[in-house]
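Visitor: Provided below for reference: sequence and predicted model.
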2 protein chains.
Amino acid sequence: MPSFGLRHRRAWASLFSQLLRPSGLVCIREVHFHSQGTRDLSPQQMVIREKILDMVVGCFKRHGAKRLDTPAFELKEMLTEKYGEDSGLIYDLKDQGGELLSLRYDLTVPFARYLAMNKVKRMKRYHVGKVWRRESPTIVQGRYREFCQCDFDIAGQFDPMIPDAECLKIMCEILSGLQLGDFLIKVNDRRILDGMLAVCGVPESKFHAICSSIDKLDKISWNDVRHEMVARKGLAPEVADRIGDYVQCHGGVSLIEEMLQDSRLSQNKQALEGLGDLKLLFEYLTLFGIAEKISFDLSLARGLDYYTGVIYEAVLLQTPAQAEESLNVGSVAAGGRYDGLVGMFDPKGHKVPCVGLSIGVERIFAILEQRIKTSGQKIRTTETQVFVATPQKNFLHERLKLISELWDAGIKAELLYKNNPKLLTQLHYCEHMGIPLVVIIGEQELKEGVIKLRSVASREEVAIKRENLVAEIQKRLSES
Amino acid sequence: MPSFGLRHRRAWASLFSQLLRPSGLVCIREVHFHSQGTRDLSPQQMVIREKILDMVVGCFKRHGAKRLDTPAFELKEMLTEKYGEDSGLIYDLKDQGGELLSLRYDLTVPFARYLAMNKVKRMKRYHVGKVWRRESPTIVQGRYREFCQCDFDIAGQFDPMIPDAECLKIMCEILSGLQLGDFLIKVNDRRILDGMLAVCGVPESKFHAICSSIDKLDKISWNDVRHEMVARKGLAPEVADRIGDYVQCHGGVSLIEEMLQDSRLSQNKQALEGLGDLKLLFEYLTLFGIAEKISFDLSLARGLDYYTGVIYEAVLLQTPAQAEESLNVGSVAAGGRYDGLVGMFDPKGHKVPCVGLSIGVERIFAILEQRIKTSGQKIRTTETQVFVATPQKNFLHERLKLISELWDAGIKAELLYKNNPKLLTQLHYCEHMGIPLVVIIGEQELKEGVIKLRSVASREEVAIKRENLVAEIQKRLSES
């Protein structure tokens, strides 16, 4: 398991020390849920969110990625025919004159558009941003119509499966680092899927429709999926049964070997290519020490149209207690290879092969937030180091002069916005907000040219010469 | 001038060392400009952007603010009647069923909505996020239809002018810290403005319209503004002339005193309240040591409807060279007091007084970007510390094992995604990307259980026992 470096580990541990306990019941619930299917994030929630993003971005940087940003909306035409059945979930902007625009649905299509527009042939980038989907909001699953995605992608023509293996390594590092409990990454390949459908006798015109049925296997049973294929999508029952034999298989390298020998599948060129690549991928995953986290799963289809090769999806494994409550947090990270997408944006159709992953921040956030709530842990929402107080009336001017000195020295400081606050009110504020130090100025101190420095935790006070105050505070803060 | 603390100062200095030079010609120009009036931010641009945001957010945290986040879109009805004449610039979403939605126009209205919805009576928060306005994009001024805002606001009933003074202190700290050159913050008060219009003889129904004319005085001359008032907004010429006498005034505390004695203005209760508050404000600004940066300016109007008290706007002062080229970057930060906005969202109309500021990141970004381009300074877009190389063929497996160890130890590392890259290609990559260290593994090293560690700058190589490699790299990185 990755260890990340001391500074990261400490910051994480201090906030999420409670998370190290074996995870019990995880019940995801949200209170402030707007009628439009979005939500505000309170300061407490923002602290958790920022810690998650710091961890994720830290990992992306560890793997040498550059940061990119694209606008919230794209030309509507850029987004059409990229998302298959999900295209209906795209938010369009009202036609107020000018181009027709839509809110971005993911960060992958804007990345491909960026590469094509700027003729970039090679790039390792990450992108943290919001995306919007008009889905039925499911509060229980932590699913909203606006949500944050963290994407890492490698674009460029390279030797097979090296970038793909790194993407899986990154997913493992992030999911281990976030201490979410045990997880598994399902892997498949679009070429194996297509090959399988072909050898089972599915007409090519129905590939997309059948794939999106298979994609539901993590949510509904094989019988229900089979019914959808036969009754709603017009597949012959015996074809559906052949598919059923495959999509209920999952395993490691041995399953790949088995499928390479499969009498039907081994006749299909595409499937063979996919299986060959997966075999190589597992070789690299073993070198990265993560092969046991990865499962070759023939039912994994991924809904999006643009994938062309290896695809993957990470799921958290449920504890028995969770399984009993039939709680399903679904996938927390996913991705795959999309070698054709950039070419769709290039006037001459020039292709740039890409592979990448997306971290599902909202679901991870929902789990961690619930865990912190359960633990009763208090979260500091400010970083204030010093509070400027006075026991006397008519000391606002002195307080303002003093706090200004602290701010100018880079010290995080607050005071109460009252002309004559009570000392007790001021000290209570510090305890309530977790501010560690108080500087107190009164008539006596002013006369003697000193300031009292008080530790909120120990309640000890010492008098310090005014000119030494900043240095003394900085010393104390660096020690703590 | 604030000094901020060593760590911040160093990071800033290392990137923007060139900015310390006296600023010469600042020409703002952008290349990648989409037809929809938005733009992508390249990795180089993101590095600059992130540095600006770090500095701004660091200042907000120094003043004890909590972070908040709200959705990109709000219910359309929430945004109506908040922005005056600018309401036509709001982006609406297409009606695809459900509520009518609009993209947020600023971060202030969502903050007020949040306070009212959650019945929060007191809060110091910051918010960094994108907002959208359907303006005619002006590339020269660094103005886009999507742009980033950084807002800091203090909500709550407090003694007068203390939070207001802190907002101006924050603007000074940020603008000084960013080393943008000399700046000035214009201050006025809506009550003074309204009182002035009243005593000049403007009918109350025309206050808004006349205010928005006055607001153009930083862009067009008094004669043009006067013409607009008389010809387009139907004001009597003598009324316009009376306004002209006031709005061409600006100065410090002495101007406030003068206006307090003004025969007409002193008859107006509102104006007197505003002037009294401004007098108190300047007292606090003097204690903060920033009074000389602030100018009382009777022409400052601010377009937005929701302001009720003090208003302010920071402008960069032009160097003679800039003035000659008539470059105007406009305001880089602005804000004011809005005591009535929260009440508009509360079912019972309960008010929460608020004051805040917004940093215009895009314009600051445009200036800094241009300055870096002019300086020819190279910006590192990744943070990679170590590159894993080999001089031999068929060493991919060893490279993958080695880099995996580095990643797991929290070290930022990269390799080339090739089975057999040339050593020279690998070393060139390090020089090109500014990666400081290379670890080299070959047959000889493998046999001896060592790794070669190479400094890219000095080209010195030392052999290190494999088991000591991580510790040695961490030592070198902590020293540099």
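Guide: Arrived safely, thanks for sending.

Visitor: C-alpha only now, for contacts and for neighbours.
Guide: Noted.

Visitor: A:Val187: which element?
Guide: Following DSSP states H and E, one finds A:Val187 within strand A:183-189.

Visitor: partner strands of that strand, parallel or antiparallel?
Guide: Strand pairing for strand A:183-189, using DSSP bridges, gives strand A:294-297 (parallel), strand A:310-316 (antiparallel).

Visitor: give the rounded mean pLDDT of that strand.
Guide: Mean per-residue pLDDT for strand A:183-189: 96.

Visitor: quick one: pLDDT of A:Ser358?
Guide: Model confidence at A:Ser358, expressed as pLDDT, equals 97.

Visitor: look up phi and psi at it.
Guide: The phi/psi pair for A:Ser358 (degrees, to the nearest 10) reads phi -130, psi 130.

Visitor: spatially nearest residue to it (excluding sequence neighbours)?
Guide: In space, and not counting its chain neighbours, A:Ser358 is closest to A:Asp151: 4.3 Å by C-alpha to C-alpha, 6 or more residues apart in numbering or on different chains.

Visitor: confirm that neighbour sits in a strand?
Guide: Yes. A:Asp151: assigned to a strand according to DSSP: H, G, I helix; E, B strand; the rest coil.

Visitor: what's the burial count for it?
Guide: 26 (other C-alpha atoms under 10 Å in any protein chain shown).

Visitor: what's the most buried one of the strands paired with strand A:183-189?
Guide: Compared across the strands paired with strand A:183-189, strand A:310-316 shows the largest average neighbour count, a mean of 24 (mean count of other C-alpha atoms under 10 Å in any protein chain shown).

Visitor: that older thread, which residues sit against the helix or strand following the strand holding A:Val187?
Guide: Later in the chain than strand A:183-189, the nearest helix or strand by DSSP H and E is helix A:190-200. For helix A:190-200, contacts defined as C-alpha atoms under 8 Å, 6 or more residues apart in numbering or on different chains pick out A:204, A:207, A:239-240, A:242-243, A:246, A:264-265, A:268-275, A:298, A:301, A:307-311.

Visitor: and the strands paired with strand A:183-189 as TSV, adding mean pLDDT?
Guide: Formatted as TSV, those follow (pLDDT from 0 to 100):
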stretch	mean pLDDT
strand A:294-297	96
strand A:310-316	96
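
Visitor: let me have these in a markdown table, adding distance to B:Glu146 as columns.
Guide: Listed next are these as a markdown table, based on distance: least, C-alpha to C-alpha, whole Å:
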| stretch | distance to B:Glu146 |
| --- | --- |
| strand A:294-297 | 41 |
| strand A:310-316 | 33 |
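
Visitor: so which of these comes closest to A:Pro160?
Guide: Evaluated with C-alpha to C-alpha, these place strand A:310-316 nearest to A:Pro160, the distance being 10.9 Å.

Visitor: can you report how many residues lie near the residue nearest to A:Lys422 when sequence neighbours are not counted?
Guide: Using C-alpha to C-alpha, 6+ apart and skipping residues adjacent in sequence, the residue nearest A:Lys422 is A:Pro391, 6.8 Å away. Using other C-alpha under 10 Å, A:Pro391 has 16 other residues around it.

Visitor: could you check the pLDDT of A:Pro391?
Guide: At A:Pro391, the model reports a pLDDT of 97.

Visitor: hang on, the earlier thing: so which of the contacts of helix A:190-200 sit within strands?
Guide: Residues of the contacts of helix A:190-200 located in strands (DSSP state E): A:Val310, A:Ile311.

Visitor: in the stretch 51-200 of chain A, what spans have low per-residue confidence?
Guide: A:137-142 (pLDDT under 70).

Visitor: in it, which spans are strands?
Guide: Listed in chain order, the strands of the stretch 51-200 of chain A (DSSP state E, counting those that start in this stretch) span A:66-67, A:73-75, A:101-103, A:123-132, A:146-155, A:183-189.

Visitor: residues from the stretch 301-450 of chain A in reach of chain B?
Guide: By the rule C-alpha under 8 Å from any C-alpha of the partner chain, the part of the stretch 301-450 of chain A lying against chain B is A:381-384, A:397, A:400-401, A:404, A:407-414, A:417-419.

Visitor: do you know how far whichever residue of the stretch 101-250 of chain A sits closest to chain B is from A:Ala116?
Guide: Taking C-alpha to the nearest C-alpha, chain B has its nearest neighbour within the stretch 101-250 of chain A at A:Asp159, 5.2 Å off. Distance of A:Asp159 to A:Ala116, computed by C-alpha to C-alpha, to the nearest Å: 21 Å.
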